[in-house]
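Chemist: What would the 3D arrangement of this be:
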Amino acid sequence: MIPADHPHIQPPKTGILIANLGTPDGYDYWSMRRYLNEFLSDRRVIDYPAWKWQPLLQGIILTKRPFTSGANYKLIWNEELDESPLMTITREQTEALRARATAEWGDQVMVEFCMRYGNPSTEDVLDRMVKAGCRRIVFLPLYPQYAGATSATANDQLFRALMAQKWQPAVRTVDPYFDRPDYIEALAGSVRRALQNKTPSKLVASYHGMPKRYLMEGDPYHCQCQKTSRLLQEALGWQDGILDTSFQSVFGTEEWLRPYTVQHVAELAKQGHTDIAVISPAFAADCIETLEEINGEIREAFIHAGGQTFTYIPCLNAEDAHIEVMMNVIRDNIGGWV
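Modeler: Residues are numbered from 1 along each chain as shown. Got it, this is the predicted structure:
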C-alpha cells in the first residue's frame, strides 16, 4: 500500500528517442547566433583549446556568420510552419515511427525526438519522457555512419541530461547502421526512383566532411562512408567507377577529408561528365547542407564548370523504407524491454 503522501509514480513505459543535429528557431540574427554558438562551441565539433577558439568565435565568427547563415536558411525555410525543413521532416519521421511502434507494442512505448543543438533540447525531451514513466529508453541518433562530431556528441548530451535525473532510466544507445542491408537497399531504391532506373555518367555520394586529423586520431567515419558507397554501388549493380565518394561543408583552414564535393563536381564537368547525380547518404533528413549547399552552391559549381544536368537525390526523409530501417534498428535494441 503506497502512503497517501507518496509522490505519484507513472506506469512504466519504454521510450524510443531519436535525435538529429539541430536547427535554429529562426533565421534572424539572434536565433542564428544562439544556434551557431552552441554548435561551434562543442568540443566534439571544434576541438581547438578554448583560450584559442572562443575569442575568435565570439569576436569575429559570431558577428558575421549569423547573417550569412541566416540568409541561407531563409532560402529553404518552411514559412508555413515557421521552421526549418529539418524540423518538419524529423517530426514527420517521429510521427511515422510512433504509429508503427504503437501498432507493434501498444501504449507501453513512447516515441519522441530531440535535437543536439537548439530545440527541442535533449534535456527537455528526456525530462518529459522520464516524467511520463519511461524507465527504459532506446536512443537512436539519426547518423548512419558514426563520427565523434555526430553520434558521439549526441550520446554525450544524453548522458549529461541523465545526470540531472534523480531516478535515471536505463538507456541503450545503438550501433551505427551504415552497412545494414535494409539501409543500403533503401538508398538504392531512392536512386532508382530519382533516376528512373537510368545509370548516370557519375553518381557522387557526398558526405559531411570533417578534419583529416580526426581520421588519423581514430575516428571511423571516413571508413564507414567508403563502405556505404561500395555497398550502394553493389546494390545498384553498377560497374566500378560510376559512384564517387566526396565530402562537403569544409570549415576553417585545416585540411579536411578529400575530395571536396564542390571541387570534385566542377572537375567532373571539366572531364566531360555533364550529367551527374548527387546523393547524401550521411543525412537522414534534408537540411541546410543538402537543400542549400548541395542543391545550391555545389550545383552552381558544376554548371559553372560546364556541367549540364545535375540531379539531386533527396534524403530518405520519412519514406516508408527509411522508417522501416529505423524500426528494424529499434527492434534489434529493444529486446527484452517490450
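
Chemist: domain ranges for the chain?
Modeler: Domains of the chain are assigned by automatic domain parsing as 13-177+320-333, 181-313.

Chemist: mind putting those in a markdown table, distance to P3 and mean pLDDT included?
Modeler: Any C-beta I mention is one placed from the backbone N, CA and C, and that applies to glycine too. Listed next are the domains of the chain as a markdown table, based on distance: least, Cβ to Cβ, whole Å; pLDDT from 0 to 100:
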| stretch | distance to P3 | mean pLDDT |
| --- | --- | --- |
| domain 13-177+320-333 | 18 | 97 |
| domain 181-313 | 47 | 96 |
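
Chemist: Out of these, flag the one nearest H6.
Modeler: When the domains of the chain are ranked by proximity to H6, the top entry is domain 13-177+320-333, at 13.6 Å, counting by Cβ to Cβ.

Chemist: Kindly check the end-to-end length of the closest one for me.
Modeler: Domain 13-177+320-333 stretches 15 Å from its first residue to its last (Cα to Cα, to the nearest Å).

Chemist: all helices in the stretch 101-250 of the chain, in order from the N-terminus.
Modeler: 122-131, 153-163, 181-195, 212-216, 221-236 (DSSP state H, counting those that start in this stretch).

Chemist: returning to that earlier point: could I get the domains of the chain in a markdown table, plus columns for distance to M1?
Modeler: Listed next are these as a markdown table, based on distance: least, Cβ to Cβ, whole Å:
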| stretch | distance to M1 |
| --- | --- |
| domain 13-177+320-333 | 20 |
| domain 181-313 | 48 |
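
Chemist: Can I get the ones you listed in CSV including distance to P7 and mean neighbour count?
Modeler: Output for those, formatted as CSV (distance: least, Cβ to Cβ, whole Å; neighbours: other Cβ atoms under 10 Å):
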stretch, distance to P7, mean neighbour count
domain 13-177+320-333, 10, 18
domain 181-313, 38, 18
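
Chemist: closest one to A266 among the helices of the stretch 101-250 of the chain?
Modeler: That would be helix 221-236 among the helices of the stretch 101-250 of the chain, by Cβ to Cβ, at 20.0 Å.

Chemist: How far away from the center of its chain is stretch 303-319?
Modeler: 18 Å (Cα atoms, centre = their mean, to the nearest Å).

Chemist: now the closest residue to P120 other than its chain neighbours: how far from A103?
Modeler: Using Cβ to Cβ, 6 or more residues apart in numbering and skipping residues adjacent in sequence, the residue nearest P120 is C114, 5.4 Å away. Applying Cβ to Cβ, to the nearest Å, the value for C114 to A103 is 23 Å.

Chemist: what do you get for Y27?
Modeler: From Y27 to A103 the distance is 37 Å (Cβ to Cβ).

Chemist: Ok, Q54 next?
Modeler: From Q54 to A103 the distance is 48 Å (Cβ to Cβ).

Chemist: Which parts of this protein are strands?
Modeler: Ranges of strands within the chain are 13-23, 109-118, 134-141, 170-173, 202-208, 243-248, 275-279, 309-313, based on DSSP state E.

Chemist: So which of these is nearest I76?
Modeler: When the strands of the chain are compared (using Cβ to Cβ), the closest one is strand 13-23, at 10.9 Å.

Chemist: Wait, L203 touches S280, no?
Modeler: No: counting by Cβ atoms under 8 Å, L203 stays clear of S280, with 11.6 Å between them.

Chemist: residues in contact with C114?
Modeler: Contact analysis of C114 by Cβ atoms under 8 Å, 6 or more residues apart in numbering lists L17, I18, A19, P120, S121, T122, D124, V125, L126.

Chemist: try 6 Å this time
Modeler: The neighbours of C114, taking Cβ atoms under 6 Å, 6 or more residues apart in numbering as the test, are A19, P120, T122, V125.

Chemist: quick check, nearest of those to T290?
Modeler: A19 (18.2 Å).

Chemist: what's the spacing between the closest one and M87?
Modeler: Distance, A19 to M87, using Cβ to Cβ: 13 Å.

Chemist: go on, F139?
Modeler: From F139 over to M87 (counting by Cβ to Cβ), the distance is 19 Å.

Chemist: how long is stretch 168-181 from one end to the other?
Modeler: 34 Å.
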